[in-house]
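> just coords:
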């Protein structure tokens, strides 16, 4: 009985020695696992910082605030006849942008049937600089005069002017900054920023 016990004890020692030789220590496995997890966390943090840095000034992201483009004009438009914007494309024609109650754009080309204007609401933007593309659809019906499109604060718009004097449509980008109210809190106009000719 004593000899059998010593044999088993000897064999157990051999197994322990073999385990150490093969490097299967539980402690070493835990260390490698912790190092791997730490590396993954560092990689993800670096990647997110890089992505955030790239998108910070991207005008294609409507939630990013970017500087106004060169040639930006700031104006107030209201129901008063004198407070309208005249968009003049020189020899190619012109049209006007006005405002009416409750808060709609008034687009007017005059009595020339060869001139038409339409408008497309691009939705919420951070500013005029975020309007960087011309949509292929979504414009109102081209007309000499139109007042059916709502004028909403914080929205960006593209206006399309078509004339027999121009081979291609001409574009204006416009952003509605804020409402204009009187001392009685009644809305009587809006402050806008616009730029033309818009050629993305």
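Here it is on my side, so go on. Every value quoted in this text rests on a predicted model; they were computed, and no experiment measured them.

> average pLDDT across the longest strand that the chain contains?
If you go by DSSP state E, the chain has its longest strand at strand 170-181. Mean pLDDT, strand 170-181: 97.

> Buried ones in it, by neighbour count?
170, 171, 172, 173, 174, 175, 176, 177, 180 (16 or more other Cβ atoms under 10 Å). Where you see a C-beta, it was placed from the backbone N, CA and C, and this is true even at glycine.

> With respect to residue 137, which of the residues you listed is nearest?
When the buried residues of strand 170-181 are compared for distance to residue 137 (Cβ to Cβ), residue 171 wins out at 14.5 Å.

> isn't the closest one right next to residue 159, touching?
Yes. Assessed by Cβ atoms under 8 Å, residue 171 is found in contact with residue 159 at 6.8 Å.

> State the distance from residue 171 to residue 85.
Residue 171 is 15 Å from residue 85, where distance means Cβ to Cβ, to the nearest Å.

> hmm, back to that, helix or strand next in line after the longest strand of the chain, which one?
strand 187-195 (DSSP states H and E).

> Run the angle between that next one and strand 170-181 for me.
Angle, strand 187-195 to strand 170-181, by axes from the mean of the first three to the mean of the last three Cα atoms, to 10 degrees: 150 degrees.

> what packs against strand 187-195?
Helices and strands touching strand 187-195, as assessed by 3 or more Cβ pairs under 8 Å, 6 or more residues apart in numbering; DSSP states H and E, comprise strand 73-78, strand 85-88, strand 94-100, strand 170-181.

> Now tabulate those strands in JSON lines and tack on distance to residue 187.
As requested, these are exported to JSON lines (distance: least, Cβ to Cβ, whole Å):
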{"stretch": "strand 73-78", "distance to residue 187": "9"}
{"stretch": "strand 85-88", "distance to residue 187": "18"}
{"stretch": "strand 94-100", "distance to residue 187": "9"}
{"stretch": "strand 170-181", "distance to residue 187": "5"}
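
> ranges for the helices of this protein?
Ranges of helices within the chain are 2-21, 26-55, based on DSSP state H.

> among those helices, where is the model least confident on average?
Averaging pLDDT over each of these puts helix 2-21 lowest, since it has a mean of 45.

> how long is stretch 106-125 from one end to the other?
One end of stretch 106-125 sits 21 Å from the other (Cα to Cα, to the nearest Å).

> ok, for residue 165, nearest residue in space, not its chain neighbours?
Using Cβ to Cβ, 6 or more residues apart in numbering and skipping the chain neighbours, the partner closest in space to residue 165 is residue 92 (4.8 Å).

> Wait, that neighbour touches residue 169, no?
No. Under the criterion of Cβ under 8 Å, residue 92 makes no contact with residue 169, lying 10.4 Å away.
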